[in-house]
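>>> Give the three-dimensional model of this entry:
(one chain, ligands or ions: 1)
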Amino acid sequence: MKNLKASCAYALAMAPLQLLQHKHCKVCGKAIPASRELCSGKCEQDWARREKKRKNTMLYYFIGLIATLILLFLLLMRGV
Ligand SMILES: [Zn+2]
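Reported below is the predicted structural model:
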């Protein structure tokens, strides 16, 4: 959080306009222009790795949900 504050102050000092429309790097929190999502190639790699992991996790959740639904469906069908 300390880092985030410092980079905001940096953006303020560098360009008042940039403060109005700036973002923070999704990986390290550094202030960057609003048109960008990440600050550097290193952060881009880091983000890609995180996204991949996140997508995998989402996939497992999805498979688990479908399996649960199928199981519930089968149980209900047997109950009828
Ligand atoms: Zn970064």
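>>> quick one, strands of the protein?
Assigned by DSSP state E, the strands in the chain fall at 22-24, 31-33.
>>> In TSV: those, plus mean pLDDT, mean neighbour count and distance to the ion.
Every residue, glycine included, has its C-beta placed from N, CA and C. Output for the strands of the chain, formatted as TSV (pLDDT from 0 to 100; neighbours: other Cβ atoms under 10 Å; distance: least, Cβ to the ion, whole Å):
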stretch	mean pLDDT	mean neighbour count	distance to the ion
strand 22-24	91	18	8
strand 31-33	90	18	7
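>>> Serialize these to JSON lines and add fields for distance to Phe73.
Shown next, in JSON lines, are the strands of the chain (distance: least, Cβ to Cβ, whole Å):
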{"stretch": "strand 22-24", "distance to Phe73": "44"}
{"stretch": "strand 31-33", "distance to Phe73": "48"}
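>>> How much space separates Ser40 from Pro33?
13 Å (Cβ to Cβ, to the nearest Å).
>>> Revised request: answer the last question for Trp47.
Taking Cβ to Cβ, one finds Trp47 at 17 Å from Pro33.
>>> for His22, same thing?
6 Å.
>>> For this structure, which segments count as helices?
Secondary structure of the chain by DSSP state H: the helices cover 2-14, 16-20, 41-79.
>>> Among those helices, which comes closest to Val27?
Within those, the stretch nearest Val27 is helix 41-79; the backing value is 4.0 Å (Cβ to Cβ).
>>> quick check, the closest one touching the ion?
Yes: for helix 41-79 and the ion, the contact criterion (Cβ under 5 Å from the ion) is met by Cys43.
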